[in-house]
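[1] Provided below are the primary sequence and the corresponding predicted coordinates.
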Amino acid sequence: MLHAPGSRQIPSYNLATVYPRFSSGFRKSGRSRGWHCRTVDILWHQRYGGIPVEIVDTRVTSAGQALVVLAAARAAAQGKSLQEVRQAADVVVQRMHLFFAVDTLEYLHRGGRIGGASRYLGTAFSIKPILYFDSEGKLDALERVRTKGKALQRLIALAEGKANGHPLHLGVIHANAPQVAQEFREQIAQHLHCNDVFTLELSPVISIHVGPGTIGIALYEEY
């Protein structure tokens, strides 16, 4: 029998083979509020208490997490201490925004992940809800627009508003829509000043919740 992917925490024995290798320090980036399970983090920290660990609650997923990791990696490459690396990650978390437009809310509804977007259930097929992660890492609805094209334009406008006149670090995310994502990235390059921009396909586990055709952006302003 075929089973759809789930979003459960990975088995602890998988962590056991990797965790001891990080003898000089380990920075974990994940969503600990809402969807992410912290039980394994706590248990393994207790067991391997001699290894310095910093757990960073990114409050987002996908490209949002990637941006936090990249900021931490840059700090580490500059020879910063573990605490300074943690601080660099925290700054990005505080500045992070993640917006995305879904073709339908049906997948989020079926997966039980719909959150505050439930108020848009049953709207016309042409309506494209724009969703976001709030300050607690919970999914909520921002607004709704008509047509996919207008949804993408609105995402760019949201990014421009969050830039506050500064360059952006930005990631484009998509669910099985590489061509649309590429065209969207080209539009972003024309309208926004980005220090770096990349495209990231959503993982299968996330994609089954948001549905194919989803397009989004994760971003933070340069500081």
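    Arrived safely, thanks for sending.
[2] contacts and neighbour counts: CA atoms only from here.
    Fine.
[3] Show me the chain divided up by domain.
    Per automatic domain parsing, the domain ranges recorded for the chain read 12-93, 97-221.
[4] Strands of this protein, start to end?
    For the chain, the strands defined by DSSP state E cover 26-30, 53-57, 97-101, 127-133, 139-146, 168-174, 194-201, 215-221.
[5] so which of these gets nearest A75?
    When the strands of the chain are compared by Cα to Cα, strand 26-30 sits nearest A75, at 12.0 Å.
[6] if we can go back for a sec, output the strands of the chain as CSV; include the columns distance to R154.
    Shown next, in CSV, are these (distance: least, Cα to Cα, whole Å):
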stretch, distance to R154
strand 26-30, 27
strand 53-57, 27
strand 97-101, 9
strand 127-133, 9
strand 139-146, 8
strand 168-174, 14
strand 194-201, 17
strand 215-221, 11
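[7] show me what contacts L142?
    P129, I130, L131, Y132 (Cα atoms under 8 Å, 6 or more residues apart in numbering).
[8] one more time with 6 Å, if that's ok
    I130, L131 (Cα atoms under 6 Å, 6 or more residues apart in numbering).
[9] do the same with A151
    V145.
[10] Could you list the low-pLDDT ranges of the chain?
    Along the chain, the model assigns pLDDT under 70 to residues 1-10, 12-16, 18-50, 109-126.
[11] how deep is the closest residue to L170 other than its chain neighbours tucked in, by neighbour count?
    Nearest non-adjacent residue to L170, counting by Cα to Cα, 6 or more residues apart in numbering: L219, 4.3 Å away. For L219, the count of nearby residues is 24 (other Cα atoms under 10 Å).
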